[in-house]
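[1] return atomic coordinates for the entry below.
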Amino acid sequence: MKGLWMECVWHNTGIYQCEVHRSMLALPPDLQAARALMVLSCLTSTLAALVSSAGMKCTRCARSSPTKHALAISGGVCFLSAGMLCLITVCWTTNDVILDFYNPILPEGMKYEIGMAVYLGYVSACLSLMGGAVLCWNCEGRPRNPLHLPRHQHPPPPPVFSTLNTPAPPYYPPAALNGNRTPSRTSASSSGYRLNDYV
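    Numbering: from 1, shown residues only. Predicted coordinates for the structure are as follows:
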């Protein structure tokens, strides 16, 4: 298996051996460029995480500042850039491995396979692209500065409620309760039983 940082060989005896690329100058130019792109992708992802977390609504950084919206958009753009850099690197490496694998000039023992790191690179590139797209799309509709209005624009007046000053309707008890009186506890009811016997 061929990677950006090492090459691994699986022997017939079952031994799995990896060798790290020790000399930077001995590497082919395409591998050097792929390494540089991957390092740039990692640095851009770190910057994107810091900038976008500062631009989120739940953080206290620049709470009422107009730059909070710009920070969130910048974080999304950095995530998109990091995803594209990672995707270019992973596609480039995959293309080299596939071309070498189907090259009839190379012997069978010198052909490389695609390793797990390439698949992880595809997953991380897709997640970075999706995260950046969601962040940019979510911040696009948000107002830039909702707390401050332009000088020529006045805030709209509050709605007028005509029912606030009107008196409540008078209360009339139901006609069925007009003749009722509450007897005392000691008084006997019409059937001769006392209320204290049951309460």
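[2] by contact count, what packs against the lowest-mean-pLDDT helix or strand in the chain?
    When the helices and strands of the chain are scored by mean pLDDT, DSSP states H and E, strand 6-10 comes last with a mean of 79. Contacts defined by 3 or more C-beta pairs under 8 Å, 6 or more residues apart in numbering; DSSP states H and E place strand 6-10 against strand 16-20. The C-beta positions use only the backbone N, C-alpha and C, and glycine is treated the same way.
[3] same for the strand it packs on, what does it pack against?
    Strand 16-20 packs on strand 6-10, going by 3+ C-beta pairs under 8 Å, 6+ apart.
[4] tell me what angle the least confident helix or strand of the chain forms with strand 16-20.
    160 degrees (axes from the mean of the first three to the mean of the last three C-alpha atoms, to 10 degrees).
[5] CA atoms only: put strand 6-10 into CSV for me.
    Extracted in CSV, the C-alpha atoms of strand 6-10 (Å, rounded to 0.1, in the frame of the first residue of the first chain):
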residue,chain,number,x,y,z
MET,A,6,4.9,5.7,4.2
GLU,A,7,4.8,2.7,2.0
CYS,A,8,3.6,-0.7,3.4
VAL,A,9,4.3,-4.1,2.0
TRP,A,10,2.5,-7.4,2.7
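[6] now do the helices in this structure.
    Here the chain has its helices, by DSSP state H, at 29-54, 67-101, 116-140.
[7] pick the most buried one from the ones you listed.
    helix 67-101 (a mean of 19; mean count of other C-beta atoms under 10 Å).
[8] orientation of that one relative to helix 116-140 in degrees?
    150 degrees.
[9] quick one: contacts for the one residue sitting closest to the centre of the chain?
    Centroid-nearest residue in the chain: residue 131, 6.0 Å away (criterion: C-alpha atoms, centre = their mean). By C-beta atoms under 8 Å, 6 or more residues apart in numbering, the contact set of residue 131 is 76, 79, 83.
[10] need the pLDDT of residue 173.
    Looking at residue 173, its pLDDT is 65.
[11] all set now, cheers.
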